[in-house]
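Q: I need the structure of the sequence given here:
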Amino acid sequence: MNSTNSLPDWAYAYGGAQSQGLIRKTSDDFIVNEIQSFELSGTGEHAFLLIEKCSENTDYVARLLARFAGVRQRDVSYAGLKDRHARTRQWFSVWLPGKPDPDWEALNSETIKVLQATRHSKKLKRGSLAGNQFIIRVCDWTGDTQVLELQLQTIKKQGVPNYFGAQRFGHEGANIAKALALFSGEKVSRNLRSIYLSAARSYIFNHILSKRVTNKIWNQALVGDVLMFDNSHSFFKAETLDESILQRVEKLDAHPTAVLWGKGDSQTCAEVALLEQQVVDQFDDIAKGLCAFGVEQDRRTLRSHIQELQWQFIDNSTLELSFTLNPGCYATALLREIVQVK
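A: Residues are numbered from 1 along each chain as shown. Sure, this is the predicted structure:
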């Protein structure tokens, strides 16, 4: 593979962005609220904190909590990373066995605020959230409102390609080159290694998805597909297609998937297995590197279900979108389909 510090313009499902605007003109133009997936008991060794942060990244807040509570960094957990250039609300857990809570309110600052503190018996694990709710304002918007309306109505019914966002790959896609350097023997910290490995397998996934978007089969079940239920990691093979499977896919109850490359046998068969292998073969150095580092193969849905999608114009040039996404899905996958960032 000839790697460059840039990302390809992966295929668009709805003709590409037909309007322009500014995203994140201020942090308050991009609001993310984490949706908890379980009830907190109020007792236990783990302090759970709902924190609102602005212009700070998740890892920084986790390190801050560890120092403040006098615990190891690995004793602080969170369900997922949240945007730095945004106003976000997310949960953290801090393991405090036999220890009282410190004065969490002393953490409050212009960029960090503790909104709620309680206890629970288990730590917060990665991915253990029901989803994320977004409120996004596109400022200085210009375009054809009728075209925008048509695109959004279609997205509401059909979803969008579930691409990993550009932030996954670092500035101008530099994490791919860094992953290749890692595979060639460069030493990096454990945290950076995880980031580069995730970027590498996401890169292959996005290429598979882009190929299916180009072929107009990204939101259709094919013979040989592995289908995953909406907002679940449970999946099943579609060795044949019947009416119930086709209806599930049409209603967004289930989605076709693509491989997150790593060790293990492909779950797909027939034309789907061939399509995926053709793309993997294009990035043989990345694929072999992932396997050499012991990354296990997994699956990810090709489609992001945009739930509770609503939109309105605050004024003639400010578009406001609100919607909910399943865990691991990117708001930028929706935005790229409708708005070209100025």
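Q: Residue 107 is in contact with residue 64, isn't it?
A: Yes - with contact defined as CB atoms under 8 Å, residue 107 reaches residue 64; the gap is 7.1 Å. The C-beta positions use only the backbone N, C-alpha and C, and glycine is treated the same way.
Q: Against which helices or strands is the strand or helix carrying residue 271 packed?
A: Residue 271 belongs to helix 270-282 when assigned by DSSP states H and E. Applying 3 or more CB pairs under 8 Å, 6 or more residues apart in numbering; DSSP states H and E, one finds that helix 270-282 makes contact with helix 190-214, strand 254-260.
Q: Can you give me every residue that contacts the residue lying closest to residue 204 once chain neighbours are set aside?
A: The shortest distance from residue 204 to any residue other than its chain neighbours is 5.0 Å, reached at residue 261 (CB to CB, 6 or more residues apart in numbering). Residue 261 makes contact with 201, 204-205, 280, 286-287, 290-291, 295, 297, according to CB atoms under 8 Å, 6 or more residues apart in numbering.
Q: again, 10 Å this time
A: Contacts for residue 261 (CB atoms under 10 Å, 6 or more residues apart in numbering) come out as 200-205, 208, 276, 279-280, 283, 286-291, 295-298.
Q: Now do it, the pLDDT please.
A: With respect to pLDDT, residue 261 scores 97.
Q: With residue 228 instead?
A: So, for residue 228, pLDDT stands at 96.
Q: and the residue nearest to residue 178 when sequence neighbours are not counted, how far is that from residue 216?
A: Leaving aside its sequence neighbours, residue 178 sits nearest to residue 196 (CB to CB, 6+ apart; 5.0 Å). To residue 216, residue 196 is 33 Å away according to CB to CB, to the nearest Å.
Q: if we can go back for a sec, make a markdown table out of the helices and strands packed on helix 270-282 and add distance to residue 266.
A: Shown next, in a markdown table, are these (distance: least, CB to CB, whole Å):
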| stretch | distance to residue 266 |
| --- | --- |
| helix 190-214 | 12 |
| strand 254-260 | 6 |
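Q: Deepest in the core, which of the ones you listed is it.
A: strand 254-260 (a mean of 24; mean count of other CB atoms under 10 Å).
Q: Which elements pack onto it?
A: For strand 254-260, the elements it packs on are helix 190-214, strand 225-229, strand 235-238, helix 243-250, helix 270-282, strand 298-301, strand 303-304, judged by 3 or more CB pairs under 10 Å, 6 or more residues apart in numbering; DSSP states H and E.
Q: So which bits of the helix holding residue 271 are buried?
A: 272-273, 275-276, 279-280 (16 or more other CB atoms under 10 Å).
Q: ok, now stretch 18-37?
A: Those would be 18-19, 21-24, 27, 29-36, for stretch 18-37 by 16+ other CB under 10 Å.
Q: what residues are shared contacts of residue 107 and residue 64?
A: Contacts common to residue 107 and residue 64, judged by CB under 10 Å, 6+ apart, are residue 51.
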